[in-house]
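A.B. asks: Sequence plus the predicted model coming up.
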Amino acid sequence: MDLIERRELKYTVPVALRAALRDRILAYMEYDPHCINHPDFAYPVRSIYLDTRRSLFYFEKIEGHKVRKKLRIRAYDRLENDGTAFLEIKRKINEHVFKERVQIPLEEALHMFDGVTFHPVNCRNRQTLALDHFVYLTKRLQLEPKVLIVYDREAFGDPGGSDLRVTFDLNIRSSATGDLDDLLCDTECREVSQQYFIMEVKFSGIMPYSIKRLISDFRLRLLSFSKYCEGLDVWQAVPRELGSNG
């Protein structure tokens, strides 16, 4: 099980500032290795978000709950038969994020509601616990696929070895879906953002001065942005009264 605890801050950035921001960041950070072999140094991220029939997780965000969670199935650029996917539980308490995830074969992830047996890629005890937790929440809350979110991620890490990470999430798009097979296809997607992208700063402890200065110099605006909620909103207006009692 990967258990990650850190702060995550999000900023809306006009697309026109992307090149200048990149140049500034690369003065003291380096590209994530996953970016190197992709056009424009951005790799695809594909996630299907799960929610209750009454959209509990959606309304936890919309109503501004300080403690909330979401579950998703995530895959990256390898979508072949022998590819893998991540089952993720992401909990947020104010600005602090706690994420559990387990990596399983992609084929099993696509059939998780069909009674398949899961096989974590790394068969350690913690992986089994993460998988059990994900499956338990899925069954107890009767979760179902709600929306596919796809975007291209340009990512930077600290060459000094800290957990500082900066990402640009570009070309965010979504598809309303009730089918896990849609993780492999985004031909029916609608644009969520066109004039801006989302910059995320992820770190533990205190934000480095270099990042604070970057944010100040570019006059970036801190915001509360949910790809899940925004992606669902471009397809439908979720009735507010459905947000109670799961």
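C.D. replies: That came in fine, so what should we check first? Just so you know, these numbers come straight off a predicted model, no measurement behind them.

A.B. asks: Wait, residue 137 touches residue 143, no?
C.D. replies: Yes: using C-beta atoms under 8 Å, residue 137 is in contact with residue 143, at 7.0 Å. All C-beta atoms are positioned from the backbone trio N, CA, C, and that covers glycine.

A.B. asks: anything in contact with each of those two?
C.D. replies: residue 71 (C-beta atoms under 8 Å, 6 or more residues apart in numbering).

A.B. asks: mind listing what the residue of the chain positioned farthest from its centre touches?
C.D. replies: Here the chain reaches farthest from its C-alpha mean at residue 217, the gap being 27.0 Å by C-alpha atoms, centre = their mean. For residue 217, the contacting residues are residue 24, by C-beta under 8 Å, 6+ apart.

A.B. asks: ok, now how distant is it from residue 21?
C.D. replies: From residue 217 across to residue 21, the span is 10 Å (C-beta to C-beta, to the nearest Å).

A.B. asks: Surely residue 200 touches residue 12?
C.D. replies: No: taking contacts as C-beta under 8 Å, residue 200 lies outside contact range of residue 12: 11.1 Å.

A.B. asks: residue nearest the centroid of the protein?
C.D. replies: Central residue of the chain (C-alpha atoms, centre = their mean): residue 47, at 6.9 Å.

A.B. asks: Would you mind writing the CA trace of the lengthiest helix in the chain as CSV?
C.D. replies: Ranked by number of residues, the top helix in the chain under DSSP state H is helix 125-140. In CSV, the C-alpha atoms belonging to helix 125-140 read as follows (Å, rounded to 0.1, in the frame of the first residue of the first chain):
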residue,chain,number,x,y,z
ASN,A,125,0.4,-7.2,3.6
ARG,A,126,-0.1,-3.4,3.3
GLN,A,127,-1.2,-3.8,-0.3
THR,A,128,-3.8,-6.3,0.7
LEU,A,129,-5.1,-4.0,3.4
ALA,A,130,-5.4,-1.1,0.9
LEU,A,131,-7.3,-3.4,-1.5
ASP,A,132,-9.6,-4.7,1.2
HIS,A,133,-10.4,-1.1,2.3
PHE,A,134,-11.2,0.0,-1.2
VAL,A,135,-13.4,-3.0,-1.9
TYR,A,136,-15.1,-2.6,1.5
LEU,A,137,-16.0,1.1,0.9
THR,A,138,-17.2,0.3,-2.7
LYS,A,139,-19.6,-2.4,-1.4
ARG,A,140,-20.7,-0.7,1.8
